[in-house]
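S.K.: Sequence first, predicted coordinates after that:
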Amino acid sequence: MFNKPRGSSSQNPENRDAWSFVSAPDLHPMKVTINVDKPGTAPGLIFVAAYTFFSAEMIGQTGALIMDQKGNPVWFRPLPSRYIQNTDFRTQMYRGKPVLTMWQGTISGTQSENPNLPYGDPEPGAFFLILDQNYKTIKTVAAQKGYTSDLHEFTITSRNTALFIAVKKVPADLRSYGGLKNGYINNYSIQEIDLVTGKLIFFWNVLDHVNPADSMLPASSAKESNNIWDCYHVNSVEEGPNNTLLINMRNMWAIYNIDKETGRILWQLGGKQSDFTLGPSADFSWQHIARYRGLNRISLFDNACCASPDSPPEGQARGLILQLNFKRMTAEVDRTYYHDPPLFVPSQGNVQELPNGNQFIGWGQEPYLSEYRNAGNTMYDPTLNFIYDMRFPGENLSYRAFKNEWTGLPLYPPDAAVIINGKCADVYASWNGSTETAGWQVLAGPSHDELTVLVNSTPRTG
């Protein structure tokens, strides 16, 4: 919660697309533009983690950012370098209390500051964070078994365990797949850790169960990524009924349902070995974040783009909900959510179901987030049920975007600054992360224990 912004700043102090505050001069979150704001949106705050690729200018600072629906910053946690990022920033429940969770590390493509780290390798020191309502870090979690904590997914289960994705490159002869002899495969694992003891209680790795030959990403692509073939690219995992997991693999164009007890794949949706027949317009590609919507529906962010900069899009990006028929083993389109104007999104993105039934979409590599009424729209009528849209400045982006209700109760004190103008004084105040502050009282005096109320109450602004 900030009061009285003055001017603006970022990595470039003259940039007018970032906030600057007299009382909090070290905080420069990005400014955003609200394109659409119609009645019917769900209550809540907006959670993003802004960054950009190394080839673009970062506007403002990287870090986890909470905003209200008008785009005003509520809480910002800047990172010390644009080459370190947060992802998957959202609220969850831990031991019956609301918390903030996020991944922290360096995303491939943002170019590490470590000159000894080859491009395409995971950055050492990647980890997950859990923060309480006071914004205090209460848990730091890292992958085990020689794997690196992966940026895509970190979920706290109802059992107070952490379910997440981890990645490790393994040496592989890729010639039988059309690649190099001395190459590597990015092998992904699903890990579950007891958050109290730190004990690894579940482990499953993709290479033992899924044939790399089914990948839609050619093995020859390893030449452009330090000889590493990212044939799977796991980017979401969710618990399902009967001790199962729903796992999404972008570069397989497929979603998998696995049995946690045996590790066996129960069914596959999409890709070369699909157990389902996909109906008209139900096919998807390069997709992100598969989620159950009841027992017979699945939502996903359908990127429909792109194996490489030279690959044409399969179609417009969209939010997609599929209806599954397990007797006939068919998948049909239930709902779609298109952006206006059309977007072609090479990477990242998510679809979130809100408590009132609305759908909230982060557009990944494109600098937008949007909200829709549940009924959705079509590519031929994209304004239908399209009730909210925000744009980030420049080429800033957020891997995922969420809308959650949150109460922030910082234990650190507010910030204040005074600027003297002759016989007058301008007082500026802010309290990073406070969601409960409605107004301010101004006191003055010769010392901190001799203060008189000058202004009894003035409402917060901005």
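M.R.: Sure, I can see it. Numbering: from 1, shown residues only.

S.K.: per-residue confidence averaged over the helix or strand where Ser370 lies?
M.R.: For Ser370, the host element (DSSP states H and E) is strand 368-372. The pLDDT scores in strand 368-372 average 98.

S.K.: Same check on stretch 256-263?
M.R.: Mean pLDDT, computed over stretch 256-263, is 98.

S.K.: now do the same end-to-end measure for that stretch.
M.R.: End-to-end span of stretch 256-263 (Cα to Cα, to the nearest Å): 11 Å.

S.K.: Can you pull the phi and psi angles for the residue nearest the centre of the chain?
M.R.: Residue closest to the average C-alpha location in the chain (Cα atoms, centre = their mean): Arg400, at 2.6 Å. With angles defined as degrees, to the nearest 10, Arg400 sits at phi -130, psi 160.

S.K.: Spit out the contact partners of it.
M.R.: Ala49, Thr87, Asp88, Phe89, Arg90, Ile289, Gln348, Gly349, Asn350, Gly362, Gly364 (Cβ atoms under 8 Å, 6 or more residues apart in numbering). Backbone N, C-alpha and C define where each C-beta goes, glycine included.

S.K.: And the pLDDT for it?
M.R.: Reported pLDDT for Arg400: 98.

S.K.: can you tell me which of the contacts of Arg400 are in strands?
M.R.: Ala49, Thr87, Asp88, Phe89, Arg90, Ile289, Asn350, Gly362 (DSSP state E).

S.K.: ok, and the most crowded of those?
M.R.: Greatest neighbour count in these, by other Cβ atoms under 10 Å, goes to Gly362: 29 neighbours.

S.K.: Return the distance of the residue lying closest to Leu174 once chain neighbours are set aside relative to Met249.
M.R.: Of all residues not flanking Leu174 in the chain, Gly183 sits nearest, at 4.0 Å (Cβ to Cβ, 6 or more residues apart in numbering). Distance, Gly183 to Met249, by Cβ to Cβ, to the nearest Å: 19 Å.

S.K.: Next: Gly40.
M.R.: Gly40 is 35 Å from Met249, by Cβ to Cβ.

S.K.: So for the two, which sits in the more crowded spot?
M.R.: Neighbours per residue (other Cβ under 10 Å) separate Gly40 from Met249, with Met249 holding more: 26 against 12.

S.K.: Count the residues that sit near the nearest residue to that one once chain neighbours are set aside.
M.R.: Distances taken as Cβ to Cβ, 6+ apart place Tyr232 nearest to Met249, at 4.9 Å, with adjacent residues excluded. Here the number of neighbours of Tyr232 (other Cβ under 10 Å) works out to 24.

S.K.: Do I have it right that Tyr232 meets Asn186?
M.R.: Yes. Using Cβ atoms under 8 Å, Tyr232 is in contact with Asn186, at 6.8 Å.

S.K.: Number of residues surrounding Thr330?
M.R.: For Thr330, using other Cβ under 10 Å, the count is 15.

S.K.: Can you name the residues bridging to it?
M.R.: Thr277, Asn325 (DSSP bridges).

S.K.: Equivalent analysis for the one 5 residues further on, please.
M.R.: Listed beta-bridge partners, Arg335: Ile321 (assigned using DSSP bridges).

S.K.: again with Ile156
M.R.: Residues in a beta bridge with Ile156, per DSSP bridges, are Ala162.

S.K.: Check what contacts the helix or strand hosting Ser149 and list those residues.
M.R.: Element membership for Ser149, per DSSP H and E: strand 148-156. Strand 148-156 has contacts (Cβ under 8 Å, 6+ apart) with 85, 87-88, 92-94, 99, 101-103, 105, 107, 122-124, 126-128, 130, 141-143, 162-168, 188, 195, 234-239, 399.

S.K.: Also stretch 432-449?
M.R.: Taking Cβ under 8 Å, 6+ apart as the rule, stretch 432-449 contacts 1-3, 24, 27, 45, 66, 74-76, 135, 406-410, 412, 414-415, 427, 429, 431, 451-460.

S.K.: Among those residues, which lie within strands?
M.R.: Secondary structure from DSSP E places 45, 66, 74-76, 415, 427, 429, 451-459 of the contacts of stretch 432-449 in strands.

S.K.: tell me which residues in stretch 230-246 are buried?
M.R.: Neighbour-count burial for stretch 230-246, with 16 or more other Cβ atoms under 10 Å as criterion, is recorded at 230-240, 244-246.

S.K.: What is the end-to-end distance of it?
M.R.: 20 Å.

S.K.: Domain map for the protein?
M.R.: 33-404, 415-459 (the TED database).

S.K.: Now the last one: average pLDDT?
M.R.: Looking at domain 415-459 alone, the average pLDDT works out to 92.

S.K.: Low-confidence stretches in the protein?
M.R.: Across the chain, the ranges flagged by pLDDT under 70 are 1-14, 109-124, 307-310, 462.

S.K.: One more pass at 50, please.
M.R.: Within the chain, the ranges that satisfy pLDDT under 50 run 4-14, 112-123.

S.K.: now the helices: where do they sit in it?
M.R.: Remark: no helices are assigned in the chain by DSSP state H.

S.K.: In this structure Ser189 contacts Val170, no?
M.R.: No. Using Cβ under 8 Å as the test, Ser189 is too far from Val170 to be in contact (11.0 Å).

S.K.: ok, those two, which is more surrounded?
M.R.: Ser189 (23 against 13).
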